[in-house]
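[1] Provided below are the primary sequence and the corresponding predicted coordinates.
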Amino acid sequence: MAIGLLATITVLEGKNAAFEQAFLNLADAVRANEPGNAFYALHKSASDPQVYVVMEQYESPEALELHRKSDHFREANKQLGALVAAAPVVEILEAVTR
């Protein structure tokens, strides 16, 4: 069963460029090292420049768990943690597919 994840992240004022660069580096690592990841994309709010939404999809809950335990994810979180205003709001979704 495919699984999706939406994470809403509020970034500290003045930290947008650093956040975007760190996140895009993480996205490259996810795509290169996680065959169970279908997509991993960052989106910036049109109404609030400090708010970003990450859209992710994995082939299974196990693939999501491997992502969370990966070295590249844990290292990126150390860097990203210093750039955000609060913990992300995360929603796990079940994919509806044929």
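    Nice, thanks for sending it over. Just so it is clear, the model here is predicted, and its values are computed rather than measured.

[2] tell me which helix or strand E62 sits in.
    helix 61-69 (DSSP states H and E).

[3] do me a favour and average the pLDDT over that helix.
    Averaging pLDDT along helix 61-69 gives 96.

[4] mind listing what's buried along it?
    A63, L64, L66, H67 (16 or more other CB atoms under 10 Å). Where C-beta positions appear, they are placed from N, C-alpha and C, glycine not excepted.

[5] what angle separates the helix or strand just after that helix from helix 61-69?
    Counting by DSSP H and E, the element after helix 61-69 in chain order, helix or strand, is helix 71-81. Helix 71-81 runs at 60 degrees relative to helix 61-69, counting by axes from the mean of the first three to the mean of the last three CA atoms, to 10 degrees.

[6] so how far is helix 71-81 from its chain's centroid?
    Here helix 71-81 is found 11 Å from its chain centre; the criterion is CA atoms, centre = their mean, to the nearest Å.

[7] just checking, what packs against it?
    Helix 71-81 sits against helix 16-33, with contacts defined as 3 or more CB pairs under 8 Å, 6 or more residues apart in numbering; DSSP states H and E.

[8] from the contact counts, what lies against the helix it packs on?
    By 3+ CB pairs under 8 Å, 6+ apart, helix 16-33 packs against strand 37-44, strand 51-58, helix 71-81.

[9] and if we set it to 6 Å?
    Helix 16-33 is packed against strand 37-44, helix 71-81, with contacts defined by 3 or more CB pairs under 6 Å, 6 or more residues apart in numbering; DSSP states H and E.

[10] and the angle for it with strand 51-58?
    In terms of direction (the same axes, to 10 degrees), helix 16-33 departs from strand 51-58 by 0 degrees.
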